[in-house]
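S.K.: A structural model of the following input is requested.
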Amino acid sequence: MFYAIPLENKPSWRNPPWLTVLLILVNMIVWWGPQTSEENGRERAGQYYVKSALPALELPPFVEWLKKTDAKRGKLGERMLKAEAYEQLIQAMEHDRAFQKKLKAEEIITPTHPQYAEWKRDRQQYESMLPAPFTERWAQDYGKDAGFSKPWTLITSAFLHGSTGHLLGNMLFLFLFGASVELALGRSTYLTFYLLGCVGASALAAWAYAGKGSYGLGASGGVSALMGMYAVMYRLRRIRFFYQLFFYFNYVSAPALLLLPAWIVNELMQHWLADEGVAYMAHLGGLLTGAALMAGAMLLGRVKTPETVKSEMVNDDDRFDAHVAAARRLGAAMKFEQAAAEWRAAAALHPGDTDTLRAWFNTARLQPASEDFHQAARRIFRLPATDAETIALQHASYRTYLDQAKPGLRLKPDDMARLARRFARIREFGDADMLCRILLKTAPDHPQLADTLSVCANGLLHAGEREKAIGLLPHLLRLAPNDMVTRALQRA
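M.R.: Predicted structure coming up:
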C-alpha cells in the first residue's frame, strides 16, 4: 500500500476553489440523502426478514446454490449460516441475480413446499418494505453481459459511496488535489476534466471487472484523475508530501512528476495482490486519464502553472507596488515605524510573498517590542515550507526573534509545533528540542504534540542521536504508545 498527501499547498482564498467545494457538497448530499435513506429502509426490511420465516426457508437453499456455483463462496456461506450471520448472507443473496431469478420464479420454494403459503406471505411483506433501488440504479454494473448498457453510470457512479469513511476519505483527497488543479485550469475546464477523469476511470474498471457480478461506485477514480493532473502540472517542482509505504511513513520533498509512476505501480500491485473489493483499475484509469488531459492542456497553453498564477496575483494589485515603494522610501529616511506599517499593508495584499515578509521583519526588528515585530515573525513562521529556502528563512528569523523579541516570544502552540517539525527536518535539533520542551510544559494536551515529538525523535534516530531521541520516549509512550517511532525507540 502506498499513498502520498501533498502538504503546505494551501488554496488561494483570493480565488477560492468553489467548484471543488461544490463537488464535495454534491457527494455529501447524495450520501446523506438518498443513499442513507435507502440504507435505512433496507435495514428496517432486513430486521423484518430476520424475524420472519424467510431465513430458515431461503438461506439454506442459497448456501447449497453457492456450493454448486462457487465452492469457495459456498464454504464461506456455510460458516456464516452456522454462525447465524444473516445480514451478510442476505446481502449476498440479494446480489446473486441467478438465484434471485429462480427464487422469484418459485423454483426454490415451490408451490408444493409445505410452508409455501407462509413463505409467500413473508416474502411479499419483505419486498414491500424494500425501498426503491437508488445506489444499484446509478452505480456501475460489473455483472455478466452488463457491458456499457447504462453509459450514464460512468459518471453517476463517481458520486456514490459505500460508507461514511469511504466518502470522507475521498473528499479529503478531492479537496487537497482539487483546490490547486481548479486554480490552474479555471472552473469550466476543471469541471470538464474532472468528469472526463471519472469517465476514464469507470471505463477501465468496466473493462477490467466485466463479469465479476459486483458494482462500482466512489469518487476515487475522479480523485485519481486529479492526482494525475496535479503531478503533470507541477512536473519537476519539489513538493513536500506525507507518504505511507506499507507500515512505514514519513515526509519527503520530491518532484511531483516522480509520484505518477509510483502511484501507477501501486495501483497495479494492489490490483494483482490485494482485496478484490477495491476497484484499483478505476484508480489507474483515473491517473492515466488525468495525466493525459493535463499534458494536452499544457501543450495547448490552457493551464496557468503555479508560477504563472503567483505572477498574475502579484501584478493584479497596483496598491502593492505603492506600499512597497513607500516602505522603501520611509526606511531610507529612517522612519522605521512608518516603514513597518507600509510593509504590513503590502504583506496583507500578498501574504505569501517571502521578500515582503522578510523586509517587514527586518524593519520591525529595529523596534523589538513593537507589535509589528511579533506579527511579521508569526507570518514568516506560518509560510508554507515547500522548499529549503523558505525553511532556512524561517529558521534564521526564529533565531533573530528568539534573541531580540521583547518582552519575550509570542508563539502559539500551533506555530511551535510546526516549527519544531520543520527544524527537525533540517537537522536543527537544538531548536526543535527546545520548542518541544516548551510545548510539553505549556500545551501538554495539544493535538499536534504527539506527531511533533514523533517527527523530532525520528529525525534524531536517523541522525544517530540515539540518546536524545530516547529522551522523548516517556512522552511518546503517554501520547502515542502505538506509534511506529515509539516502538522503534523501545527497541533501541
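
S.K.: Please report how far the closest residue to Pro407 other than its chain neighbours lies from Gly331.
M.R.: Excluding the flanking residues, the one nearest Pro407 by C-beta to C-beta, 6 or more residues apart in numbering is Ala369, at 7.1 Å. From N, CA and C alone the C-beta is placed, and that goes for glycine too. Remark: distance between Ala369 and Gly331 (C-beta to C-beta, to the nearest Å) = 19 Å.

S.K.: Next: Gly471.
M.R.: Going from Gly471 to Gly331 by C-beta to C-beta gives 45 Å.

S.K.: Between those two, which has more neighbouring residues?
M.R.: Gly331 (19 against 16; other C-beta atoms under 10 Å).

S.K.: following the one helix or strand in the chain whose mean pLDDT sits lowest, which helix or strand comes up?
M.R.: Of all helical and strand segments in the chain, the minimum by mean pLDDT, DSSP states H and E falls on helix 306-316, at a mean of 52. Using DSSP states H and E, the helix or strand that directly follows helix 306-316 along the chain is helix 318-332.

S.K.: Which other helices and strands does the following helix or strand past that next one contact?
M.R.: Per DSSP H and E, the first helix or strand lying C-terminal to helix 318-332 is helix 336-349. Of the remaining helices and strands, those touching helix 336-349 by 3 or more C-beta pairs under 8 Å, 6 or more residues apart in numbering; DSSP states H and E are helix 318-332, helix 354-364, helix 371-381.

S.K.: what's the closest non-adjacent residue to Ala102?
M.R.: That one is not Ala; residue 102 is Lys. Nearest-residue entry for Lys102: Ile108, 5.4 Å, with adjacent residues in sequence omitted and distances by C-beta to C-beta, 6+ apart.

S.K.: Doesn't the one you found belong to a helix?
M.R.: No - residue state for Ile108 (DSSP: H, G, I helix; E, B strand; the rest coil) corresponds to coil; a helix is not indicated.

S.K.: Need the contact partners of stretch 77-95.
M.R.: 46, 49-50, 55, 58-60, 62-63, 66-67, 73, 99-100, 213-214 (C-beta atoms under 8 Å, 6 or more residues apart in numbering).

S.K.: Nearest residue to the residue positioned nearest the centre of the chain in space, please, no chain neighbours.
M.R.: For the chain, the residue nearest the mean C-alpha position is Phe173 (2.8 Å; C-alpha atoms, centre = their mean). With sequence-adjacent residues excluded and distances taken as C-beta to C-beta, 6+ apart, Phe173 is closest to Val223, at 4.7 Å.

S.K.: do Thr390 as well
M.R.: Spatial nearest neighbour of Thr390, excluding adjacent residues (C-beta to C-beta, 6+ apart): Leu383 at 5.6 Å.

S.K.: Now the phi/psi pair for that neighbour, please.
M.R.: Main-chain torsions, Leu383, degrees, to the nearest 10: phi -60, psi 140.

S.K.: How many residues are close by it?
M.R.: Leu383: 19 neighbours (other C-beta under 10 Å).

S.K.: Then Leu473?
M.R.: A count of neighbours around Leu473, defined by other C-beta under 10 Å, yields 17.

S.K.: go on, Ala158?
M.R.: Neighbour number of Ala158 under other C-beta under 10 Å is 32.

S.K.: For it, give me its contacts.
M.R.: Ala158 touches Cys198, Ala201, Ser202, Leu217, Gly218, Ala219, Gly221, Gly222, counting by C-beta under 8 Å, 6+ apart.

S.K.: Tell me how far Gly301 lies from Leu226.
M.R.: 21 Å.

S.K.: Between these two, which is the more surrounded one?
M.R.: Using other C-beta under 10 Å as the criterion, Gly301 and Leu226 rank with Leu226 on top: 30 against 7.

S.K.: list the contacts for the more buried one?
M.R.: Contacts of Leu226 by C-beta under 8 Å, 6+ apart are Phe173, Leu174, Phe177, Gly178, Val181, Tyr194, Gly197, Gly286, Gly290.

S.K.: got those as a markdown table, with pLDDT and distance to Ala432 columns?
M.R.: Output for these, formatted as a markdown table (pLDDT from 0 to 100; distance: C-beta to C-beta, whole Å):
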| residue | pLDDT | distance to Ala432 |
| --- | --- | --- |
| Phe173 | 89 | 29 |
| Leu174 | 93 | 33 |
| Phe177 | 88 | 30 |
| Gly178 | 90 | 33 |
| Val181 | 89 | 34 |
| Tyr194 | 96 | 40 |
| Gly197 | 95 | 40 |
| Gly286 | 93 | 38 |
| Gly290 | 94 | 37 |
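
S.K.: Out of those, list just those in helices.
M.R.: Phe173, Leu174, Phe177, Gly178, Val181, Tyr194, Gly197, Gly286, Gly290 (DSSP state H).

S.K.: quick one: low-confidence ranges for the stretch 101-250 of the chain?
M.R.: Along the stretch 101-250 of the chain, segments meeting pLDDT under 70 span 144-149, 213, 236, 238-250.

S.K.: can you map out the strands along it?
M.R.: Remark: strands assigned in the stretch 101-250 of the chain by DSSP state E, counting those that start in this stretch are 140-141, 215-216, 238-245, 248-255.

S.K.: ok, Leu167 to Gln91 distance?
M.R.: 19 Å.

S.K.: scratch that, Leu440 is what I was asking about
M.R.: Taken as C-beta to C-beta, the span from Leu440 to Gln91 is 49 Å.

S.K.: Same check on Phe173?
M.R.: On the measure of C-beta to C-beta, Phe173 and Gln91 end up 28 Å apart.

S.K.: Spatially nearest residue to Val21 (excluding sequence neighbours)?
M.R.: Leaving out its chain neighbours, the residue that sits closest to Val21 by C-beta to C-beta, 6+ apart is Phe175, at 7.8 Å.

S.K.: still on that earlier bit, residue contacts, the residue nearest to Phe173?
M.R.: Val223 sits next to Asn170, Phe173, Leu174, Phe177, Gly178, Gly286 when contact means C-beta under 8 Å, 6+ apart.

S.K.: For these, work out which two are farthest apart.
M.R.: The most widely separated members of the contacts of Val223 are Gly178 and Gly286, with 12.7 Å between them, by C-beta to C-beta.

S.K.: Which one's more surrounded, those two?
M.R.: Set Gly178 next to Gly286 and count neighbours by other C-beta under 10 Å: Gly286 wins out with 34 against 26.

S.K.: Now do the contacts for that one.
M.R.: Counted by C-beta under 8 Å, 6+ apart, Gly286 has contacts 197-198, 200-201, 220-228.

S.K.: How many residues are close by the closest residue to Leu160 other than its chain neighbours?
M.R.: Nearest in space to Leu160, with sequence neighbours left out and distances taken as C-beta to C-beta, 6+ apart, is Leu217 at 3.9 Å. Applying other C-beta under 10 Å, we find 25 other residues in the vicinity of Leu217.

S.K.: Pretty sure Leu217 sits against Arg137.
M.R.: No - when contacts are counted by C-beta atoms under 8 Å, Leu217 is not listed as touching Arg137 (11.2 Å).

S.K.: these two touch, right, the residue nearest to Val21 and Thr20?
M.R.: Yes - the pair Phe175 / Thr20 is scored as a contact, 6.0 Å apart, by C-beta under 8 Å.

S.K.: In terms of packing, which of the two has more residues around it?
M.R.: Using other C-beta under 10 Å as the criterion, Phe175 and Thr20 rank with Thr20 on top: 26 against 17.

S.K.: what helix or strand does that one sit in?
M.R.: Assigned by DSSP H and E, Thr20 falls in helix 18-30.
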